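Participant: Take this sequence and fold it.
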Amino acid sequence: MRVKIALAGNPNSGKTTLFNALTGSNQFVGNWPGVTVEKKEGKIKGYTSKAEEAILVDLPGVYSLSPYTLEEVVSRNFLIGEKPDAIINIIDGTNLERNLYLTTQLTELGIPVIVAVNMMDLVRKNGEVLDIEKLGKDIGCKVVEISALRGEGIDQLAQRAVAIARGKKKNQPAHRFDGCVEHALAHIEEAIAGRVDESMERWYAVKLFERDEKVRESLDLDPALIRHIEEDIVSCETEMDDDAESIITGERYNYIGNIIEDCYKKRVKKTMSTSDKIDSIVTNRFLALPIFAAVMFLVYYVSVTTVGTLLTDWTNDTLFGAWIIPGAQSVLEAIGCAPWLTGLLVDGIISGVGAVLGFVPQMLVLFLFLAFLEECGYMARIAFIMDRIFRKFGLSGKSFIPMLIGTGCGVPGVMASRTIENDRDRKMTIMTTTFIPCGAKLPIIALIAGALFGGASWVAPSAYFVGIAAIICSGIILKKTKMFAGDPAPFVMELPAYHLPTVGNVLRSTWERGWSFIKKAGTIILLSTIFIWFAQSFGFEGGTFKMVENMENSILAAIGSGIAWIFTPLGWGNWKPAVAAITGLVAKENVVGTFGILYGFGEVAEDGAEIWGTLSGAMTQAAAYSFLVFNLLCAPCFAAMGAIKREMNNGKWFWFAIGYQTLLAYTVSLCVYQIGTWVSTGLFGAGTIVALILIAAFLWLLFRPYQENRMRKMSQNAAGEINA
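Facilitator: Here you go, the predicted structure:
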């Protein structure tokens, strides 16, 4: 018998950890129909055969079933439309009040619910007592205590969830609202009888009482019936002196308060928990940012400069440089392979793709650190810390979540902006999310740091903070325009207790990010390197189109020379870096792959021993950092651009976003090179003057008054003149 079970819960309640524990490797990922929100499904371990298959659907983390964010819409539509056989509602045992709010709504859906109280190990450690039997009785459904992180109670939860799904025994909501509310709900249920599933009448009645527009539209009620329902709602609002939605919210929290009082016993003597003690330091208003900066510096230092470099050096110099490439060359020559085919396989595919794959060890080390920080709970604190900063500059703290996701890949980062309700804030977040260095930009950072800066430890962390600075400055400047003026959206987020992540979860997260990068190397980058090899190997030489002996006569050189002048003010007007930057629009990893082909694989070794002599003639250190900044801030890869276009859902907004990113990248890179050259060599010219003018204009945009402040002053002046 096949059953489908939904997994629902608040963000940071341990939902992902529980999903992984229940399904293991039996997972498959896609998108929800019609939207770009990730859909994860899996077969519950022990229930994978066709005879007794149990599918677990991981719903997006939500705080309620009100349709304010796309995640809430997706979760609600699935529960109402698909009607799973059961719901596993995971709640955080250390934060019952906030988590039970969703539970009260799930139990009204007429779908069997089993509540999994997570983090019970922390509840017991804090000396607090939760009576599971009383909790189950009070909320009217089965309750199981678990620790998803430690794997406690997982098997019991799976067995009970499957049993409930097969039995399909409807749970009855144990809670009741105030008398006049229940009276209004009874009238509404009577009015919609026969129009909805009988088991869901109460849920629909509550939503109609709250004046939920989407529910009204879905039911297509007669205007006369809507007026009749509205009379009952208004009567209740008058009696309780509050609006309908606030009444329901207040009633739910009153009910939750009674539950907690009945079954939850806190310690008499309250002392600070370990998490509280850590938070008193890492979220301190003065220490939070320096600690965050130190943590990220350490992460990039270890990933790019020390441990990651040792692994990458071996991969580049030994695995590819000494073994694979010479070995492939010898084998192909021994069997009499045609020169052009040998060149394609060795100089094009192996050298190009190998140059990119050589940086995989560094990426895996970085992803390992990021996965650990996310799993232990620190990254949730960073979102809280950044909210305090972002709000001062016109951005919501919610904007940091997409940026955090974007450290792995810009595509899901852009997609995550849908959690932001305010349209202006969402558009601004989409425009700025890709400023954060993603995994695909790490090889560029590592190459520049190792080859042109001698492995300097400051280069890689500075790239991360350049992205943060670009986001903050963009937020200030854009918020002062009419298009983006207005208060940022509120930010609500639970801070989970600190805990040691499981090795399995950290390694799984690291591998998922790393594997997506490797797959791209085997598809997009492979095709790109073949094209680049062909374009740099063939051209017109001696009046004939053939395989050229001098690369300067190639098709690629002709194309690169035609666009190189654009980048001359940035310090890298040579056709080779210009072509590398353009190919980076297909996939950012292509920048390194292109260098691998144009300069030869051995010359892109991480330590820079060989590449230094070749590149030093084309780029100074000022030009190298300018090249790095441009590739960090300019328009992202085609895949991320596609995500931006889908999320903007408007051609003009899409081109505005791409244009803004590219213009900002060009401006900052020009200033970096011109001022850097002036400081390092003393040369002062027309380019330096242009850079100083751009900096002055940038500072004016940064510090000019906000749009609403100017309007307010104009209104006040006008009012003063009228009064006079």
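Participant: Now do the same for residue 409: its pLDDT.
Facilitator: Residue 409 carries a pLDDT value of 77.
Participant: What residues sit buried inside stretch 685-700?
Facilitator: Neighbour-count burial for stretch 685-700, counted by 16 or more other Cβ atoms under 10 Å, picks out 687, 688, 691, 694, 698. (Glycine included, C-beta is placed from N, CA and C.)
Participant: ok, now how distant is residue 229 from residue 189?
Facilitator: For residue 229, the distance to residue 189 equals 11 Å [Cβ to Cβ, to the nearest Å].
Participant: Looking at those two, which is more packed in?
Facilitator: residue 229 (21 against 17; other Cβ atoms under 10 Å).
Participant: I'd assumed residue 158 was in a helix, is it?
Facilitator: Yes: assessed by DSSP: H, G, I helix; E, B strand; the rest coil, residue 158 belongs to a helix.
Participant: Report the contact partners of it.
Facilitator: Contact analysis of residue 158 by Cβ atoms under 8 Å, 6 or more residues apart in numbering lists 22, 44, 45, 46, 47, 54.
Participant: Neighbour count for the residues you listed - can I get that in TSV?
Facilitator: Shown next, in TSV, are these (neighbours: other Cβ atoms under 10 Å):
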residue	neighbour count
22	27
44	25
45	17
46	14
47	23
54	26
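Participant: any idea which of the residues you listed is the one closest to residue 626?
Facilitator: Of all the contacts of residue 158, residue 626 sits closest to residue 22, with 49.8 Å by Cβ to Cβ.
Participant: Which strand or helix spans that closest one?
Facilitator: Using DSSP states H and E, the element containing residue 22 is helix 15-23.
Participant: who's in contact with that helix?
Facilitator: The contact list for helix 15-23, computed with Cβ under 8 Å, 6+ apart, reads 7-9, 27, 40, 42-45, 56, 58, 61, 88, 90, 116, 118, 146, 148-149, 151, 154, 157-158, 502, 504-505, 508.
Participant: ok, the residue nearest the centre of the chain to residue 433 distance?
Facilitator: Centroid-nearest residue in the chain: residue 405, 2.3 Å away (criterion: Cα atoms, centre = their mean). For residue 405, the distance to residue 433 (Cβ to Cβ) stands at 8 Å.
Participant: Kindly report the same for residue 345.
Facilitator: Per Cβ to Cβ, residue 345 is found 38 Å from residue 433.
Participant: Tell me which of the two has more neighbours.
Facilitator: Taking other Cβ under 10 Å, residue 345 and residue 433 do not tie; residue 433 has more neighbours (31 against 17).
Participant: where in the stretch 1-150 of the chain is pLDDT low?
Facilitator: 25-38, 67-68 (pLDDT under 70).
Participant: From the contacts of helix 15-23, list the buried ones, please.
Facilitator: 7-9, 27, 40, 42-45, 56, 58, 61, 88, 90, 116, 118, 146, 148-149, 154, 157-158, 502, 505, 508.
Participant: give me the element residue 117 is part of.
Facilitator: Using DSSP H and E, residue 117 sits in strand 113-118.
Participant: Determine how far that strand lies from the middle of the whole chain.
Facilitator: 27 Å (Cα atoms, centre = their mean, to the nearest Å).
Participant: Check stretch 358-378 too.
Facilitator: 15 Å.
Participant: Then stretch 326-339?
Facilitator: A distance of 45 Å separates the centroid of the chain from that of stretch 326-339, by Cα atoms, centre = their mean.
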